[in-house]
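Trainee: Output the structure for:
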Amino acid sequence: MDDAGQTLRGRMMAMGRAAREGARALRLASAEQRTAAIAAMAAAIRDGAGSILAANARDLTAAKAAGISGPMLDRLLLDEGRVEDLASAIETVAAIPDPVGAEIARWTRPNGLDIARVRTPIGVIAMIYESRPNVTADAAALCVRAGNAVILRGGSECITSNLAIHACVATGLRAAGLPESAVQIVRTTDRDAVGELLSGLDRQVDLIIPRGGKGLVARVQAEARAPVLGHLEGLNHVFVHAAADIAKAVRIVVNAKLRRVSVCGSAETLLIDKAAAERLLPPIADALIKERCELRGDAAARAIEPSMKPATTADWTTEYLAPILSIAIVDGVAGAARHIAAYGSGHTDAIVTEDEAAAEQFIAEVDSAIVLVNASTQFADGGEFGFGAEIGIATDRLHARGPVGAEQLTTFKYVVRGSGQTRP
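Mentor: Sure, this is the predicted structure:
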């Protein structure tokens with residue numbers, strides 16, 4: 001490896017060692033001190049809004065010159081409202097109960113041993129993400145709330161924005177008397193820095209969280225030498241059951257698809273119960289078309305709405321992140337569940353129905369991280385779950401699943417108190 005590579009490796013290793021010290025400081029800090037740091041981050045973001053917006057403008061100019069447009073550009077964009085949303089989300093994180101040290105369970109054995117299962121920080125987290133500068137703020141606040149140090153590596157397209165936000169995070173840490181090593185950011189766009197993080201930095205990294213497209217997640221899962229908390233794409237479905245209230249169904253489907261098409265909670269496939277498809281599909285399709293949403297249907301859907309484009313097999317596995325929706329006619333709840341199992345990503349799926357038995361069947365048969373009844377998939381967001389914020393929707397089945405908030409960024413240990421017991 002050349003000298004530049006050696007220098008990068010040295011810098012990354014130094015970040016890992018510093019993060020381990022930062023993690024120790026956070027773990028030993030009081031809940032009040034961690035709260036003060038998070039609140040100070042929010043204040044610093046408000047005070048630094050001008051600098052953050054100026055930095056974001058530079059990123060946007062560079063992104064447009066590089067040909068980035070559509071949903072990717074929307075994810076990158078910050079304005080005054082979104083900067084305020086950053087600060088507000090951080091304040092919500094500051095207000096949630098501190099999970100560190102919380103007892104999950106406690107019991108006493110016949111021999112008198114008192115055993116408690118207690119939440120404890122994971123340690124050092126590496127967060128690798130693309131496009132979204134808000135992740136810089138959310139990840140910093142949630143990791144500090146859970147007592148973890150974090151090394152942030154955002155995408156090259158938003159590095160200027162990320163650095164400006166991180167400067168505010170560092171201000172908050174200093175204000176609370178906590179080391180800046182608790183939240184570090186990789187300041188280079190060199191892709192080799194990702195490889196160094198994936199190596200685990202000589203076992204300094206305890207958990208890697210990727211947030212981005214298929215390519216990023218696949219690379220992380222293939223190369224990581226530390227545990228990975230997976231976040232796959234949002235191939236989300238809305239199933240409109242024969243017993244759906246049509247007005248409710250129209251509102252939910254339009255919102256699930258079009259409220260914000262660039263978020264992972266956006267619906268990508270609409271499933272219509274064939275028992276009432278001729279009644280349900282036309283008003284839903286009309287509402288979507290009026291909002292300039294492109295529809296792609298299977299043969300049965302196109303027989304009802306011939307204006308749709310034909311859907312191909314690829315459409316069922318495409319996360320459009322655009323005003324495009326694929327539509328299939330399915331045979332009841334069981335048919336919807338089969339379609340979701342075949343093509344979904346285990347992220348978020350919803351049913352619209354007034355039939356409680358059908359809703360319960362859908363809940364039982366659909367094995368996704370988030371299952372909704374009569375609500376938009378756009379609620380797949382940690383803030384909407386009361387977590388303050390989240391740094392991804394975990395689609396794995398181990399450790400954490402669904403929105404990853406502060407509590408999901410902890411592990412646990414057993415604390416056993418005795419009075420002199422020995423084992424015979």
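
Trainee: all contacts plus neighbour counts: C-alpha atoms, from now on.
Mentor: OK.

Trainee: counting contacts, what elements does the strand or helix carrying Ala287 pack onto?
Mentor: Using DSSP states H and E, Ala287 falls within helix 277-290. When contacts are defined as 3 or more CA pairs under 8 Å, 6 or more residues apart in numbering; DSSP states H and E, helix 277-290 sits against helix 246-258, strand 294-297, helix 299-304.

Trainee: want to throw those into TSV with distance to Glu180?
Mentor: Converted to TSV, the helices and strands packed on helix 277-290 look like this (distance: least, CA to CA, whole Å):
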stretch	distance to Glu180
helix 246-258	39
strand 294-297	48
helix 299-304	56
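
Trainee: So for Ala54, which of those sits nearest?
Mentor: helix 246-258 (28.8 Å; CA to CA).

Trainee: so for that closest one, what's the average pLDDT?
Mentor: Regarding helix 246-258, the rounded mean pLDDT is 98.

Trainee: which residues touch the helix holding Ala287?
Mentor: With contact meaning CA atoms under 8 Å, 6 or more residues apart in numbering, helix 277-290 is reached by 240, 242, 246, 249-250, 253-254, 272, 294-295, 301, 304-305, 329.

Trainee: Highest neighbour count among these?
Mentor: Val240 (33 neighbours; other CA atoms under 10 Å).

Trainee: how close does that one sit to Glu360?
Mentor: Distance, Val240 to Glu360, by CA to CA, to the nearest Å: 14 Å.

Trainee: Equivalent analysis for Gly112, please.
Mentor: Gly112 is 43 Å from Glu360, by CA to CA.

Trainee: that older thread, looking at the contacts of helix 277-290, which is nearest Arg46?
Mentor: Among those, and counting by CA to CA, the member closest to Arg46 is Val254, at 33.3 Å.

Trainee: contacting residues around that closest one?
Mentor: 284, 287-288.

Trainee: Of those residues, select the buried ones using a ChimeraX command.
Mentor: Remark: buried members of the contacts of Val254, expressed as a ChimeraX selection using 16 or more other CA atoms under 10 Å:
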select :284,288
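
Trainee: can you redo the contacts of Val254 as TSV with pLDDT and distance to Ile324?
Mentor: As requested, these are exported to TSV (pLDDT from 0 to 100; distance: CA to CA, whole Å):
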residue	pLDDT	distance to Ile324
Ile284	98	14
Ala287	98	13
Leu288	98	10
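
Trainee: mind putting the contacts of Val254 in JSON lines, distance to Ile90 included?
Mentor: Putting the contacts of Val254 into JSON lines (distance: CA to CA, whole Å) gives the following:
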{"residue": "Ile284", "distance to Ile90": "37"}
{"residue": "Ala287", "distance to Ile90": "36"}
{"residue": "Leu288", "distance to Ile90": "34"}
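
Trainee: what about the helices in the stretch 251-400 of the chain?
Mentor: Secondary structure of the stretch 251-400 of the chain (DSSP state H, counting those that start in this stretch): helices located at 277-290, 299-304, 332-343, 356-365.

Trainee: for the chain, longest helix please?
Mentor: For the chain, the helix with the greatest residue count under DSSP state H is helix 3-28.

Trainee: Check the offset of stretch 413-424 from the chain's centre.
Mentor: 40 Å (CA atoms, centre = their mean, to the nearest Å).

Trainee: ends of that stretch, how far apart?
Mentor: 25 Å.

Trainee: Run through who's touching that stretch.
Mentor: Here stretch 413-424 has contacts from 111-120, using CA under 8 Å, 6+ apart.

Trainee: so Ala176 makes contact with Ser30?
Mentor: No: counting by CA atoms under 8 Å, Ser30 is not a contact partner of Ala176; they are 10.9 Å apart.

Trainee: Between those two, which is the more surrounded one?
Mentor: Neighbours per residue, other CA under 10 Å: of Ala176 and Ser30, the larger number sits with Ala176, 18 against 14.

Trainee: Now do the domain split for this protein, please.
Mentor: For the chain, automatic domain parsing gives the domain ranges 3-231+404-417, 236-384.

Trainee: hey, where'd the strands end up in the stretch 301-424 of the chain?
Mentor: 309-310, 324-330, 348-352, 370-373, 393-394, 402-403, 410-417 (DSSP state E, counting those that start in this stretch).

Trainee: who does the helix or strand hosting Gln221 touch, helix- and strand-wise?
Mentor: Counting by DSSP H and E, the element that carries Gln221 is helix 214-223. Applying 3+ CA pairs under 8 Å, 6+ apart, we find helix 214-223 packed against helix 192-198, strand 207-211.

Trainee: list the buried ones in it?
Mentor: 216-217, 220-221.

Trainee: So which of these is the closest to Asp355?
Mentor: Once CA to CA is applied, the member of the buried residues of helix 214-223 that ends up nearest Asp355 is Val217, at 38.1 Å.

Trainee: does that closest one really touch Pro210, like I thought?
Mentor: Yes: assessed by CA under 8 Å, Val217 is found in contact with Pro210 at 5.9 Å.

Trainee: Name the residues contacting each of those two.
Mentor: 230-231.

Trainee: nearest residue to Gly154 other than its sequence neighbours?
Mentor: In this structure, Gly154 finds its nearest non-sequential neighbour in Tyr129, 4.9 Å apart by CA to CA, 6 or more residues apart in numbering.

Trainee: how many degrees apart are the helix holding Ala287 and helix 246-258 in direction?
Mentor: 50 degrees (axes from the mean of the first three to the mean of the last three CA atoms, to 10 degrees).

Trainee: Surely Glu237 forms part of a strand?
Mentor: Heads up, residue 237 is His, not Glu. Yes: under DSSP: H, G, I helix; E, B strand; the rest coil, His237 sits within a strand.

Trainee: can you tell me which residues contact it?
Mentor: Contacts of His237 (CA under 8 Å, 6+ apart): 267-271, 340, 344, 348-350.
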